[in-house]
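Visitor: What follows is a predicted structure for the sequence shown.
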Amino acid sequence: MNGSFSTRMLRTIAAWVVVAIFFFPIYYWTSVAFKHGNDIFNRPPKLFAFTPTFDNFQKVFGISLGSGGITVTPGGGNFYMAPRVWDSIVIATLSTVLAVAIATLAAYALSRMNFRGRHSFVGWVLSTRMMPPVAVAVPMFFIYKNFGLIDTYTGMVLIHALMNLPLAVLLMKSFFDDIPSEIDESAIVDGASRFMIFRRIVLPMAKGGIAATAVLCFIFSWTEFLFALTLTTTSLKTVPVVSSTFVTSIGTAWGNMAALGAASIIPAFIFILLVQKHLVRGLTMGSLKQ
Amino acid sequence: MRVAQARRFVISDHPLPWLLPLVAILLVFTVYPLVYNIWLSFHEFVPRRRALEFVGTENWVQLWNDTRFWQSLVITFTYFAIALIFELVLGMAIALLLDSDGFGFGFLRGVLTMTLVIPPAIVGMMYLLMEDPQFGVISYLLQSIGLLNSNNPILATASTALAGVLVAEIWQWTPFMVLIFLAGLRALPPEPYEAAMIDGASSFQIFRRITLPMMSKVIAIAVLVRGIDLFRVFDYVFVMTSGGPGASTYSLSLYAWQQTFSFVKWGYGATLSLVTLVIILVIANLFIRIAKVRW
């Protein structure tokens, strides 16, 4: 399958070109974040020749890069978004912790214990993954309103944890399935309880899997839109939701929005690279192992 | 005594204590909304009295006679089919291209994962700017090679708006397919390929007769996982077109959401979201049966 030098060369060039095409929007978007207004609204679009500026980041994050190094000045401007980033981080982190905790418990039982209806139970978990968010968000809006959960961390954490549970359960189950059950059985013979085996033996062995599950839950919460749009109004908002509201009466603040967007991609991308080994398994909810 | 019994139960081999937190949260957040949606679909909010009133099957009759609903159903299926075909074909082609241990290929695979971590709402905004008729880089490119008339902005023309949204969708999720297919390709055993080479099979024959059949399980799973999300499409259309122009990009999810939150038709919105749910459940479970996908 390796072929001659020239076909290999051709393949390498084609691969770089294809990936460059996919990378281009990200480059363009990042370049917008460093552009002055008139460079964004230039025709033809300016791709490389523009004077970079940090104004957009300064406005959005309250950070300025002056001669005296980096100074942080939290502002109160319309596009000061640091609190929204904080909201996103809190919601993503707490919902991940909740989802992973519940999912590891359930996944252990689904992986190790034989009980009637186990298959249908897995099927039920999978089918909750199919629920369209809108079918959950509409009733949840009314329920949250009654319980005062609109605009609260609790409400958002719960709904994002729920959204990630099917993925987390199926994924953790696949990681537990990889650990031979003989280990559990010999520990039982030695008199250990199920919970002790779970905590002392199986959990440490599944560390990599837990990390991968957590990263995916974090990213899905970080990027989620419909629930955040529906269940928050003013005092709490996530990054994707505020990004869609950068439209003002004098036009869209593209530069500011691009700065927020570009910055919000970086943590998620670093996380996903850390668990790249398990990425495909995660994306397919545990059904494909790499 | 009770405590000791409870303790013994919790540490026993019974699966219930392990599954209880999951079952509780799934019941509260999926079964309850489902029941509430069904109840709501037989009621409607009456603004004059500021209250929900029982309307019988009125919402369901309205659904049946609502051309907007049928239109959004067609749009959702069109979106689903076009996106899936493009993502599958492009994904497979790029995966075959990147399936190499040559220098730099690992880096290229890493770069492709970037699209997956961007919030779809932000991707929508990104393409909104790039498809802007005046400053957008995509519009500029298409106009300068004569494929696009500057009087017809991509997202504001009924015939091209859906394509404009699909570009964002396909850009973001083709790498998803590439990564899955690459993992599948890398796990294939080398023996059938060696045998085929000896028999002098062409590379297309090898792909058709060996790669595709051996990849069928991987493809089925990719179709299922992506298909579920495609059918619920909301973010891109909400951000890029809000369903317009006219109703040319109304997806079912967006239509249901707008009925509830923009037009205060709570009952009808619930009816629409129920229908969306039922269609997904039926299609996905049929697919699982037919393609024999197992978890």
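Guide: Thanks, I have the structure now.
Visitor: For A:Ala103, which residues are in contact?
Guide: A:Leu165, A:Ala168, A:Val169, A:Leu171, A:Met172, A:Thr213, B:Leu22 (CB atoms under 8 Å, 6 or more residues apart in numbering or on different chains). Placement of C-beta: from N, CA and C, glycine included.
Visitor: and what of A:Ile197?
Guide: A:Ile183, A:Asp184, A:Ala187, A:Ile188 are the contacts of A:Ile197 under CB under 8 Å, 6+ apart.
Visitor: Look up the closest residue to the third one, ignoring the ones flanking it.
Guide: Once its chain neighbours are removed from consideration, A:Ala187 has its nearest residue in A:Ile197; the separation is 4.8 Å (CB to CB, 6 or more residues apart in numbering or on different chains).
Visitor: host element of the one you found?
Guide: In the assignment (DSSP states H and E), A:Ile197 maps to helix A:194-197.
Visitor: Let me know the secondary structure of residue 102.
Guide: Here I'm looking at chain A. Here A:Ile102 is recorded as helix under DSSP: H, G, I helix; E, B strand; the rest coil.
Visitor: Hmm, no, I was thinking of chain B.
Guide: On the basis of three-state DSSP, B:Gly102 is classed as coil.
Visitor: Surely B:Glu44 forms part of a strand?
Guide: Yes: under three-state DSSP, B:Glu44 sits within a strand.
Visitor: looking at it, it is touching B:Glu53, isn't it?
Guide: Yes: counting by CB atoms under 8 Å, B:Glu53 is a contact partner of B:Glu44 at 6.3 Å.
Visitor: So these two - more neighbours on which side?
Guide: When B:Glu44 is set against B:Glu53 and neighbours are counted by other CB atoms under 10 Å in any protein chain shown, the residue ahead is B:Glu44, at 22 against 10.
Visitor: Tabulate the contacts of A:Ala103 (CSV), appending pLDDT.
Guide: Listed next are these as CSV, based on pLDDT from 0 to 100:
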residue, pLDDT
A:Leu165, 95
A:Ala168, 95
A:Val169, 95
A:Leu171, 94
A:Met172, 95
A:Thr213, 95
B:Leu22, 92
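Visitor: And these, which is closest to A:Val134?
Guide: A:Leu165 (18.3 Å; CB to CB).
Visitor: which one is the closest one nearest to, not counting chain neighbours?
Guide: A:Ala99 is the one closest to A:Leu165 (CB to CB, 6+ apart), at 5.4 Å.
Visitor: Break chain A down into its structural domains.
Guide: Domain assignment for chain A by automatic domain parsing gives A:5-72, A:82-283.
Visitor: Just the mean pLDDT for the helix holding A:Ile197, thanks.
Guide: When pLDDT is averaged over helix A:194-197, the result is 86.
Visitor: Tell me which residues of it come out buried.
Guide: A:Arg194, A:Ile197 (16 or more other CB atoms under 10 Å in any protein chain shown).
Visitor: Report the next helix or strand after that helix in sequence order.
Guide: helix A:203-205.
Visitor: Tell me the helices and strands packed up against the next helix or strand after that next one.
Guide: Sequence-wise, the next helix or strand downstream of helix A:203-205 (DSSP H and E) is helix A:207-223. Applying 3 or more CB pairs under 8 Å, 6 or more residues apart in numbering or on different chains; DSSP states H and E, one finds that helix A:207-223 contacts helix A:82-112, helix A:153-178, helix A:254-274, helix A:279-283.
Visitor: Out of the ones you listed, which is closest to B:Ile122?
Guide: Per CB to CB, nearest to B:Ile122 of the helices and strands packed on helix A:207-223: helix A:254-274, 4.5 Å.
Visitor: Just the CA trace of the closest one, in PDB.
Guide: Extracted in PDB, the C-alpha atoms of helix A:254-274 (Å, rounded to 0.1, in the frame of the first residue of the first chain):
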ATOM      1  CA  TRP A 254     -17.600  40.500  15.100                       C
ATOM      2  CA  GLY A 255     -14.100  41.300  16.500                       C
ATOM      3  CA  ASN A 256     -15.200  41.000  20.100                       C
ATOM      4  CA  MET A 257     -17.100  37.800  19.400                       C
ATOM      5  CA  ALA A 258     -14.200  36.300  17.500                       C
ATOM      6  CA  ALA A 259     -12.000  37.000  20.500                       C
ATOM      7  CA  LEU A 260     -14.300  35.300  22.800                       C
ATOM      8  CA  GLY A 261     -14.800  32.400  20.400                       C
ATOM      9  CA  ALA A 262     -11.100  31.900  19.700                       C
ATOM     10  CA  ALA A 263     -10.200  32.000  23.400                       C
ATOM     11  CA  SER A 264     -13.000  29.500  24.300                       C
ATOM     12  CA  ILE A 265     -11.700  26.900  21.900                       C
ATOM     13  CA  ILE A 266      -8.200  26.700  23.500                       C
ATOM     14  CA  PRO A 267      -9.000  25.000  26.800                       C
ATOM     15  CA  ALA A 268     -11.300  22.500  25.100                       C
ATOM     16  CA  PHE A 269      -8.800  21.700  22.500                       C
ATOM     17  CA  ILE A 270      -6.000  21.100  25.100                       C
ATOM     18  CA  PHE A 271      -8.300  18.800  27.000                       C
ATOM     19  CA  ILE A 272      -9.200  16.700  24.000                       C
ATOM     20  CA  LEU A 273      -5.600  16.300  23.000                       C
ATOM     21  CA  LEU A 274      -4.900  14.900  26.400                       C
END
